[in-house]
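In: Make a model of this:
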Amino acid sequence: MEANRSFLRKNARLLYILAGVLLVLWFLPSRTVITSGEEDLWNRVRSAQDYMYEWRSSNGMESDREHDQWETGLIGIEWSPVTTTLGSLESKRTACDPRWSIVTSRWFEGLGLSEGDPIAVYSSGSFPGLLLNVLCSAEDRGLDIFLVVSLGSSTWGANIPGLLWPDMGDLLRNAGFISTVASFYTPGGGAESGRGLSPEGLGIIQEAAENRKVEMILTDSLEEMIETKVDLLEEKKVRVLVNIGGSASSLGTDEEILKLQGGLLMPSDGSSAGNGVIAGALERDIPVIHFLDLKGLCLKTGVPYDSKPGRTISRWKFPIFSLAGIAIFLVIVAKYRRWGKIKL
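Out: Down below sits the predicted model:
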């Protein structure tokens, strides 16, 4: 019996060691690192959100705490005349996380962008949180930003009449959080020409553009909108396109775009990007930072999904750690003998 107990103790120790090793491998690649400069950028975005939340509370547009749990002031409503499609509330909250400004800044750094370099930001009105993050990140690096915003929005985006992105942009600029002014607007919606929106919704969008004397790009077809936007990229000689959201022109009509993952896309990757603006940029050797499918992007970047804004970003979990864990597990299993020395 003593031999049996010794055998069991030995196997138990082996399993404890295995559990400990796998635990270390799980947490090892999750260490968090944010520099002091990145923390300043985080604070800039979060302060802008605090300002928006307080402004709305003081001006009869108070954010619903049930939907805007983190008090960002950038969550819209479920439906309004400018609402185009259904959207995920959880994704809209995730888009507000100030950590996206840091992720974007690191992508800019990886692309070798420096002060004065021209970039384009093509954004849907659906993700004002991401747009704020990207603008703060680009301005922090002194980049020359060419901004085009589609004013239609999916649910919970910038879809409150009187508080579309042009209104948000005015407030944030006047308060000194951003400085970028849009060069063009588009209506959004079907074919990115306002199809599917009511006359009331189109009127609200048109008024927002006219009040700011910003030209509205109007085309007769989606193909023409795509061509116009791609031509603008070439005209501005941009170093990178940041695409925020899933506007009709950005994605195009080819279902291949649905296979394209979000994040930093390089022309050399050879990814099939369909026939929209994203594809047009890659075909012209322009890298694209593609913000869509936030759940997938969170897994890639370490930004948690639908969580309270924090000041840390987890490093990516590299496959080598997972493979190492599997290899160790298989070795232990191969050497583990459950019954061999037990005497009945």
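
In: which residue ranges form the helices in the stretch 201-344 of the chain?
Out: Taking DSSP state H, counting those that start in this stretch to define them, one finds helices in the stretch 201-344 of the chain at 222-236, 248-251, 277-283, 294-301, 319-335.

In: Let's test this: mean pLDDT of stretch 152-165, rounded?
Out: For stretch 152-165, mean pLDDT is 96.

In: Just give me how far that stretch sits from the chain centre.
Out: 18 Å (CA atoms, centre = their mean, to the nearest Å).

In: Tell me which residues are up against it.
Out: Residues outside stretch 152-165 that contact it (CB atoms under 8 Å, 6 or more residues apart in numbering): 56, 61, 67, 74-89, 92, 123-128, 131, 149, 151, 168, 182, 187-189, 194, 197, 201, 204-205, 208. C-betas here are computed from N, CA, C, even on glycine.

In: Helices - which of these land there?
Out: Among those, the members falling in helices (DSSP state H) are 56, 89, 92, 128, 131, 168, 201, 204, 205, 208.

In: that older thread, give me the buried subset of the contacts of stretch 152-165.
Out: Neighbour counting by 16 or more other CB atoms under 10 Å classes 56, 61, 74-77, 80-85, 87-89, 92, 123-128, 131, 149, 151, 168, 182, 187-189, 194, 197, 201, 204-205, 208 among the contacts of stretch 152-165 as buried.

In: Using neighbour counts, pick out the buried residues of the helix or strand hosting residue 49.
Out: Per DSSP states H and E: residue 49 is located in helix 36-58. Residues of helix 36-58 classed as buried: 38, 41-42, 44-46, 48-49, 51-53, 55-56 (neighbour count, 16+ other CB under 10 Å).

In: Stretch 138-154 now?
Out: Buried residues in stretch 138-154 (16+ other CB under 10 Å): 138-141, 143-154.

In: Chain neighbours aside, what residue packs nearest to the residue nearest the centre of the chain?
Out: Most central in the chain under CA atoms, centre = their mean is residue 291, positioned 4.3 Å from the mean C-alpha point. Distances taken as CB to CB, 6 or more residues apart in numbering put residue 244 closest to residue 291, at 4.6 Å, once the chain neighbours are dropped.

In: Would you check that residue 172 makes contact with residue 48?
Out: Yes. Using CB atoms under 8 Å, residue 172 makes contact with residue 48 at a distance of 5.7 Å.

In: I figured residue 129 was touching residue 99, is that so?
Out: No. With contacts counted by CB under 8 Å, residue 129 stays clear of residue 99, the gap being 11.1 Å.

In: Okay, strands next: where are they in the stretch 1-150 of the chain?
Out: 118-124, 144-150 (DSSP state E, counting those that start in this stretch).

In: okay, the first one in PDB with CA atoms only?
Out: Extracted in PDB, the C-alpha atoms of strand 118-124 (Å, rounded to 0.1, in the frame of the first residue of the first chain):
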ATOM      1  CA  PRO A 118      -0.600  62.900 -45.200                       C
ATOM      2  CA  ILE A 119      -3.200  60.300 -44.200                       C
ATOM      3  CA  ALA A 120      -6.900  59.800 -45.000                       C
ATOM      4  CA  VAL A 121      -9.600  58.900 -42.500                       C
ATOM      5  CA  TYR A 122     -12.800  57.700 -44.000                       C
ATOM      6  CA  SER A 123     -15.300  57.200 -41.300                       C
ATOM      7  CA  SER A 124     -18.900  56.100 -40.800                       C
END
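
In: so how many other residues sit close to the residue lying closest to residue 272 once chain neighbours are set aside?
Out: Using CB to CB, 6+ apart and skipping residues adjacent in sequence, the residue nearest residue 272 is residue 256, 4.4 Å away. Neighbour count of residue 256, defined by other CB atoms under 10 Å: 13.

In: Report the separation between residue 256 and residue 242.
Out: 21 Å (CB to CB, to the nearest Å).

In: again with residue 97
Out: Counting by CB to CB - residue 97 and residue 242 are separated by 17 Å.

In: Next: residue 226.
Out: For residue 226, the distance to residue 242 - CB to CB - is 17 Å.

In: now do residue 231
Out: 18 Å.

In: Between these two, which has more neighbouring residues?
Out: residue 242 (27 against 11).

In: Test my guess that that one contacts residue 118.
Out: No. Using CB under 8 Å, residue 242 is not in contact with residue 118, being 11.9 Å away.

In: Any regions of the chain where pLDDT drops low?
Out: 1-12, 14-16, 18-32, 315-344 (pLDDT under 70).

In: domains of this structure?
Out: 2-30+317-335, 36-301 (automatic domain parsing).

In: winner for burial among those domains?
Out: Among the domains of the chain, ranked by average contacts under mean count of other CB atoms under 10 Å, first place goes to domain 36-301 (a mean of 20).

In: What's the separation between residue 65 and residue 56?
Out: 12 Å.

In: Okay, residue 70 and residue 269: tell me how far apart.
Out: Taking CB to CB as the measure, residue 70 falls 34 Å from residue 269.

In: quick one: contacts for the closest residue to residue 141 other than its chain neighbours?
Out: Nearest-residue entry for residue 141: residue 108, 5.7 Å, with adjacent residues in sequence omitted and distances by CB to CB, 6+ apart. Neighbouring residues of residue 108 by CB under 8 Å, 6+ apart: 137, 138, 141, 143, 240.
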